[in-house]
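Trainee: below are the sequence and a predicted model for it; my questions follow.
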Amino acid sequence: MEAQISEQKNWQAETIAMLSIASLPGVGFWTLNRLAALGHSFSKVIESSNIEEFLDFLKLGGASNVQIGSDDWETLRARLCREGAFQDRILTERGIQVLHAAQNEFPDRLRAIKDPPYWLFAQGNLKLLNSKSIAVVGTRRPTQDGLWLAMFIVASLHSFGVCTVSGLADGIDQQVHELSLRYDLPTIAVLGSGILLDYPKSSRNLRKEIIKKGGVILSEYLPKQKFSSENFVRRNRLQSAISELVIPVEWAAKGGTAHTVRYAVEQKRHIMCLKMLDWDILRRPELNEAASMGASIFTAPSDNQAILNFIQSCLTDPLPKEEQLSISWDLSIKRQNGSKAQGADTKP
């Protein structure tokens with residue numbers, strides 16, 4: 001028990017160190033991501049012996065416009081650590097936990113992907129992160145056909161008792177979360193912004209209901225990090241990775257959902273597409289593209305039994321074994337095979 005408590009304190013110290021560094025103007029998600037990919041723990045960075053060593057670490061992370069002011073190193077470090085501890089208390093008060101990739105609780109399915117997250121901010125029932133899950137995603141501007149297909153498939157999932165995964169965006173995503181709650185299915189909302197950012201505004205009450213009914217709100221982004229098109233695209237890789245099966249509902253071949261489908265192909269996840277009885281597949285470029293990537297396409301509701309059989313097979317078949325990110329923890333966190341992060345830091 002003492003060892004477990006000690007380990008928890010060490011991980012909390014790592015979280016506070018991460019939040020401390022992130023509070024410095026000019027440092028953000030990408031700097032931290034690169035440092036993690038290079039194998040540097042945030043505790044080691046914040047415990048630099050002098051300001052030159054600290055800045056060298058930040059340069060390794062790609063930070064080129066760090067604003068440190070005129071404070072000496074001990075004064076600056078103390079100020080950063082106070083801010084990091086304050087931010088950690090805010091997360092704790094809201095029931096938000098931080099999982100680092102080397103922790104046992106971190107979902108194995110996310111460790112195994114090509115571009116893994118090095119940490120997750122999670123609010124709710126963390127056990128869901130390792131449960132059987134199915135992602136149902138789609139357009140922000142659905143037609144009645146799309147809304148009907150979303151209702152059909154989520155209702156079909158009820159008998160399996162699986163967890164649903166979507167992105168909390170307007171349109172199909174929110175419909176999926178709402179229907180999941182209606183049919184007593186736990187649901188995971190994977191955000192494309194920081195977990196403390198109230199986005200989209202239309203999701204405020206839905207987020208509360210998801211947590212209340214045993215679901216999870218999940219984000220790899222810093223707590224107050226703003227949304228961006230790049231963030232939404234990267235978010236999609238987590239939606240597919242955490243799921244056994246990805247079901248895109250009414251989407252465009254060049255839209256955001258298409259990225260989720262492509263990630264699913266890369267991650268060797270099952271893909272199932274649905275179409276209405278009167279849809280001409282030759283006039284649906286997204287379905288043609290999905291079929292070319294190996295997706296199974298069914299007509300709803302006439303293929304109902306085949307749909308159920310396919311879902312069952314996806315939940316029964318084990319996910320492909322992939323080489324997982326090798327992570328260990330001693331006085332620092334050592335990460336190997338880290339991703340080559342792209343993008344630039346912007347402060348929220």
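Mentor: Done, it's in. The structure presented is a predicted model; accordingly, all values stated were derived computationally and were not measured.

Trainee: residues near Glu250, how many?
Mentor: By other C-beta atoms under 10 Å, 27 other residues sit near Glu250. Every C-beta, even on glycine, is put in place using the N, C-alpha and C of the backbone.

Trainee: isn't it up against Gly138?
Mentor: Yes: between Glu250 and Gly138 there is a contact under C-beta atoms under 8 Å: 4.9 Å.

Trainee: overlap in contacts of the two?
Mentor: Common contacts of Glu250 and Gly138 (C-beta atoms under 8 Å, 6 or more residues apart in numbering): Gly146, Ala150, Ile172.

Trainee: so which residues of the stretch 201-348 of the chain form strands?
Mentor: 216-219, 245-249, 270-276, 296-300, 327-329, 333-335 (DSSP state E, counting those that start in this stretch).

Trainee: kindly report the domain assignment for this structure.
Mentor: The chain breaks down into these domains under automatic domain parsing: 2-93, 121-316.

Trainee: out of those, which is the most enclosed?
Mentor: Stretch with highest mean neighbour count among these: domain 121-316 (a mean of 20; mean count of other C-beta atoms under 10 Å).

Trainee: which one of the shared contacts of Glu250 and Gly138 is nearest to Lys275?
Mentor: Gly146 (11.0 Å; C-beta to C-beta).

Trainee: quick one, what contacts that closest one?
Mentor: Gly138, Thr139, Gly171, Ile172, Val249, Glu250.

Trainee: quick check: closest non-adjacent residue to the fifth one.
Mentor: Spatial nearest neighbour of Val249, chain neighbours left out: Gly138 (3.9 Å); criterion: C-beta to C-beta, 6 or more residues apart in numbering.

Trainee: mind checking how far the one you found is from Ser49?
Mentor: Gly138 sits 52 Å away from Ser49, taking C-beta to C-beta, to the nearest Å as the criterion.

Trainee: what's the answer for Phe121, then?
Mentor: Taken as C-beta to C-beta, the span from Phe121 to Ser49 is 30 Å.

Trainee: before we move on, what about Thr164?
Mentor: Applying C-beta to C-beta to Thr164 and Ser49 gives a distance of 49 Å.

Trainee: quick one: the helices in the protein?
Mentor: Applying DSSP state H to the chain gives helices spanning 2-22, 29-37, 42-46, 51-60, 73-93, 108-111, 144-157, 172-182, 204-212, 229-241, 256-266, 285-292, 304-316.
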